[in-house]
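Okay, here's the prediction I keep looking at, along with the sequence it came from:
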Amino acid sequence: MSLRSQIASLLVALSIGLVVTMYVVQVLVVMPTFVDLERIVAVRNVDRCLDALTRDLQSISNSTNDWASWDDTYQYIQDHNVKYEVANLVDESFSNAHLNLICFVDLKRHIVWGEARDIENLAKIDVPDLFAAVQQVSSPLTRHASVDDAVTGILMTSQGPMLVASRPIITTKRKGPIQGSLIMGRFLNQGEIKNLADRTHVRLDVWTIDQADMPAEARRIAANISTSHETQIETVDAETLRAYRVMDDVYGKPALLLRVSVPREVTAQGRVSTRVAAGFSLAGGGLTLAVMWIVLQRRIIDPLHHMAAHAVQVGQSGDLSVRLNVARTDEIGTLANEFDRMVGNLAESRKKVLDSAHRSGMEEVASEVLHNVGNAVNSASCSVELLRERLDGSKVAGFNRAAALLREQVPRAAEFFGADPRGPKLLNYLVGLNEVLQQEHHDHQSDVARLDETICHIRDVIAAQQTYRGQSEFRQEVDLSALVDEVLMLNREQLVAYQIDVAVNLPPLPELQLNKSKVTQVLVNLVRNAIQAMHNQASGVRRLTISARTVDENGIEIEVRDTGCGFDDEVREKLFTHGFTTKSEGNGFGLHYCANAIQGAGGQITAESPGRGQGSTFRIRLVQVLPTTVATMYH
């Protein structure tokens with residue numbers, strides 16, 4: 001696809017994405033905000049109704065307090081004088097205070113005087129359950145802890161819910177002791193509910209919790225509301241939202257269900273705003289698309305197309321004398337001028353690059369050969385040093401002294417071995433010396449064998465380096481377990497000297513198709529690096545683990561793990577870089593050679609470490625090394 005088509009597709013996609021994004025924002029962010037605002041309004045309307053009921057209760061409580069904290073009432077509750085009743089407990093007392101109930105209760109919860117009347121016609125209302133509830137021991141209306149105590153709330157009666165207030169009967173100076181309780185109340189009938197709705201300017205419905213004609217949805221909501229402080233919102237349709245709240249009675253039990261219906265004018269306006277915003281977004285996106293296309297076409301796409309055609313022409317013809325000669329001062333002009341300068345320098349640097357690459361390659365090969373041979377020579381030097389130490393401590397000197405003693409005693413050998421006490425000791429010494437010399441001979445043979453293996457390894461390294469030029473990757477059948485043993489044998493002296501615990505965990509594998517020389521040299525380098533990394537660790541924690549597992553593509557993964565000094569992320573990024581080393585005397589060729597060797601074999605080598613002082617793990621992944629006929633057995 002051309003750049004012009006890509007940019008056109010991108011602009012169209014961006015415009016569509018912009019429109020879709022803005023619409024999604026309107027639907028998922030803006031519209032929910034309107035809905036949340038409606039829900040907040042609904043909750044506030046419910047709170048307003050409750051506040052209005054609370055004010056009504058407070059008004060009743062204030063009236064009750066005026067009567068209860070009065071010397072005349074204080075005297076009446078004690079002597080029940082008729083004069084007080086005639087003067088105060090008249091019909092006007094109910095109508096003036098807008099009350100349905102006035103009830104005096106003494107300390108023994110006996111009703112001294114109490115009536116319930118209709119506020120409209122002042123006719124008496126028979127509510128025996130109301131007066132019975134007042135006299136109950138559990139009634140909170142007759143329990144006052146102090147002279148300032150006040151009890152307000154809802155009391156359920158046979159005539160419907162009543163707003164009640166109770167105050168302790170005390171003196172005008174608000175002194176005790178409390179002589180009883182004065183209870184006043186007002187029925188919360190349909191007239192009161194309508195008055196409440198008019199005052200709060202809401203559409204209000206009120207039901208008792210056990211009201212038989214309560215709508216089914218209201219009954220379901222009432223069952224789901226857990227506390228009187230919870231407001232539950234229900235969306236009826238696109239036009240109406242309803243908020244529900246439960247009110248408890250004076251006993252703390254659910255008594256009333258309030259429902260406030262809220263018209264959804266806010267969301268209606270929100271939907272209109274969303275449609276208008278989406279329309280303007282679509283128009284703005286189209287206009288932006290057209291303007292951007294014209295500008296990009298003239299200022300960017302056409303000049304870039306011309307530069308691309310010029311670059312193709314230079315690449316195909318190889319003529320480095322052609323120039324763009326663009327007379328612009330912006331980024332495209334800078335790019336064109338830099339391209340012209342780069343083409344001018346390319347011809348001059350081509351020969352230098354080829355010569356430098358050739359010399360660098362030769363130097364790298366030589367460095368790798370010297371490093372690999374040096375590793376093998378170090379192992380051979382260890383074996384030679386061990387031989388020298390063993391020869392210096394040999395028992396041959398003792399054997400010479402024993403031989404001299406035998407020569408002195410030849411003329412009287414029988415007497416020497418029969419009577420001289422040194423005779424039996426000499427024989428025992430010779431027998432023991434024979435065993436020691438036999439062991440030394442065996443150890444010398446082992447060291448000579450290791451030297452021979454090391455020399456063979458040096459020869460293989462040199463041969464492997466000689467095969468780099470123009471030859472394919474040579475592979476042979478290799479027993480991985482034997483190869484690991486050979487690697488450990490080459491490093492045995494250092495492993496023993498530094499008391500390193502070695503663990504080898506290899507699964508049962510067939511012979512693998514590997515370049516034995518390269519893999520051996522890589523493992524030798526990794527094991528030697530691991531040994532050096534554990535020099536400064538405590539002897540009890542020096543542990544080298546070599547393991548392997550099968551992987552995909554008929555491959556294996558060899559892991560070399562140590563408990564050495566480890567490294568951080570900064571070092572890990574440079575580990576396989578040519579010339580990089582963390583050793584004071586290192587040359588930085590070992591791991592670089594390992595990376596090149598494994599990559600040359602079509603594999604990969606990686607390194608990990610939790611951090612400094614926490615050990616490290618090197619993993620070699622080689623593919624296509626398992627025989628095809630048995631590869632499926634290991635997956």
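Received, thanks. Keep in mind the model is a prediction, meaning the values are calculated, not measured.

dump the residue contacts of residue 285.
Residues in contact with residue 285, defined by Cβ atoms under 8 Å, 6 or more residues apart in numbering, are 15-16, 18-19. (C-beta placed from N, C-alpha, C; glycine too.)

Chain neighbours aside, what residue packs nearest to it?
residue 15 (4.1 Å; Cβ to Cβ, 6 or more residues apart in numbering).

So for whichever strand or helix holds the one you found, what gets flagged as buried?
Using DSSP states H and E, residue 15 sits in helix 3-25. Across helix 3-25, burial judged by 16 or more other Cβ atoms under 10 Å covers 4, 7-8, 11, 15, 18-19, 22-23.

Quick one: the helices in the stretch 201-350 of the chain, in order.
216-224, 265-296, 302-317, 331-392 (DSSP state H, counting those that start in this stretch).

Which one of those helices has the poorest average confidence?
Looking at the helices of the stretch 201-350 of the chain, the lowest mean pLDDT belongs to helix 331-392 (a mean of 66).

What ranges does the stretch 1-150 of the chain have for its strands?
For the stretch 1-150 of the chain, the strands defined by DSSP state E, counting those that start in this stretch occupy 101-106, 111-116.

Looking at these, which one is packed in the most?
Mean neighbour count (mean count of other Cβ atoms under 10 Å) peaks for strand 101-106 among the strands of the stretch 1-150 of the chain, with a mean of 22.

so who does residue 46 touch?
Neighbours of residue 46 in contact, by Cβ under 8 Å, 6+ apart: 231, 243-245, 258, 260.

hmm, what's the outermost residue in this protein?
residue 411 (94.8 Å; Cα atoms, centre = their mean).

quick one: secondary structure of that one?
Under DSSP: H, G, I helix; E, B strand; the rest coil, the three-state class of residue 411 is coil.

State the pLDDT value of it.
pLDDT, read off for residue 411, is 74.

try residue 329
pLDDT, residue 329: 83.

Roughly how far does it sit from residue 335?
12 Å (Cβ to Cβ, to the nearest Å).

Looking at these two, which one has more neighbours?
Neighbours per residue (other Cβ atoms under 10 Å) separate residue 329 from residue 335, with residue 335 holding more: 16 against 9.

my guess is that one contacts residue 307, does it?
Yes: between residue 335 and residue 307 there is a contact under Cβ atoms under 8 Å: 7.2 Å.

Can you pull the domain assignment for the chain?
69-194, 365-465, 472-634 (automatic domain parsing).

Using TSV, lay out those together with distance to residue 42.
Putting these into TSV (distance: least, Cβ to Cβ, whole Å) gives the following:
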stretch	distance to residue 42
domain 69-194	18
domain 365-465	81
domain 472-634	56
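
quick one: which of those is nearest residue 276?
domain 69-194 (39.9 Å; Cβ to Cβ).

Please work out the average pLDDT along that closest one.
93.

how far does that domain stretch from start to finish?
Across domain 69-194, the terminal residues are separated by 33 Å (Cα to Cα, to the nearest Å).

What of stretch 223-243?
Start-to-end, stretch 223-243 (Cα to Cα) is 14 Å.

what residues does that stretch touch?
Residues contacting stretch 223-243 (Cβ under 8 Å, 6+ apart): 38-39, 42-43, 45-46, 217, 221, 244-248, 254, 259-264, 267-268.

Tell me the buried residues within the residues you listed.
38-39, 42-43, 45-46, 221, 244-248, 254, 259-260, 262, 264, 267.

right, and the residue nearest to residue 285 touches residue 287 too?
No: using Cβ under 8 Å, residue 15 is not in contact with residue 287, being 9.6 Å away.

A helix includes residue 452, no?
Yes: the assignment for residue 452 is a helix, going by three-state DSSP.

And residue 538, how far from residue 429?
Counting by Cβ to Cβ, the gap from residue 538 to residue 429 is 42 Å.

Which one of those two is surrounded by more residues?
More neighbours surround residue 429 than the other of residue 538 and residue 429, with 17 against 8 (other Cβ under 10 Å).

Just after the one helix or strand that one maps to, pick out the following helix or strand.
Per DSSP H and E, residue 429 falls inside helix 422-466. Note on helix 422-466: by DSSP H and E, the next helix or strand toward the C-terminus is strand 476-478.

Give the partner strands of that next one in its sheet and their orientations.
Strand 476-478 sits in its sheet next to strand 512-514 (antiparallel), going by DSSP bridges.

Let me know the average pLDDT across the strand it pairs with.
Strand 512-514 comes out at a mean pLDDT of 86.

got the angle for whatever helix or strand comes next after it vs helix 422-466?
Downstream of strand 512-514, the first helix or strand assigned by DSSP H and E is helix 516-533. Calculated by axes from the mean of the first three to the mean of the last three Cα atoms, to 10 degrees, helix 516-533 forms an angle of 120 degrees with helix 422-466.

Quick check: buried residues in whichever helix or strand comes after helix 516-533?
Reading on from helix 516-533 to the C-terminus, the next helix or strand found by DSSP H and E is strand 543-551. Residues 543-548, 550-551 are the ones in strand 543-551 that count as buried (16+ other Cβ under 10 Å).

Turn those into CSV, including distance to residue 237 and pLDDT.
As requested, the buried residues of strand 543-551 are exported to CSV (distance: Cβ to Cβ, whole Å; pLDDT from 0 to 100):
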residue, distance to residue 237, pLDDT
543, 74, 92
544, 76, 92
545, 71, 94
546, 74, 94
547, 69, 94
548, 70, 93
550, 65, 90
551, 62, 90
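
Select, out of the strands of the stretch 1-150 of the chain, the one closest to residue 195.
strand 101-106 (18.0 Å).

Show me what the closest one is packed against.
helix 71-79, strand 111-116, helix 128-135, strand 180-187 (3 or more Cβ pairs under 8 Å, 6 or more residues apart in numbering; DSSP states H and E).

With respect to residue 424, which of those lies nearest?
helix 128-135 (125.3 Å).

Would you mind writing the CA trace of that closest one as CSV?
The C-alpha trace of helix 128-135 is given here as CSV (Å, rounded to 0.1, in the frame of the first residue of the first chain):
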residue,chain,number,x,y,z
PRO,A,128,-58.1,1.8,72.1
ASP,A,129,-55.0,0.2,70.7
LEU,A,130,-53.3,3.7,70.7
PHE,A,131,-53.9,4.2,74.4
ALA,A,132,-53.0,0.6,75.1
ALA,A,133,-49.7,1.1,73.3
VAL,A,134,-49.0,4.2,75.4
GLN,A,135,-49.4,2.2,78.7
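
what's the angle between that helix and strand 101-106?
40 degrees.

Go through stretch 77-87 and flag the buried ones.
77, 84.

And it, end to end?
OK, stretch 77-87 end separation, Cα to Cα: 15 Å.

Pull the residues that contact it.
72-73, 75-76, 104, 106, 112-113, 169, 179-180.

quick one, which of the domains of the chain is nearest to residue 349?
Using Cβ to Cβ, the domains of the chain put domain 472-634 closest to residue 349, at 21.7 Å.

Please tell me how far that closest one is from the chain's geometric centre.
33 Å (Cα atoms, centre = their mean, to the nearest Å).

which residues does the closest residue to residue 205 other than its chain neighbours bridge with?
Spatially, and ignoring its direct neighbours in sequence, residue 205 is nearest to residue 259 (4.4 Å; Cβ to Cβ, 6+ apart). Using DSSP bridges, the beta-bridge partners of residue 259 come out as residue 205, residue 244.
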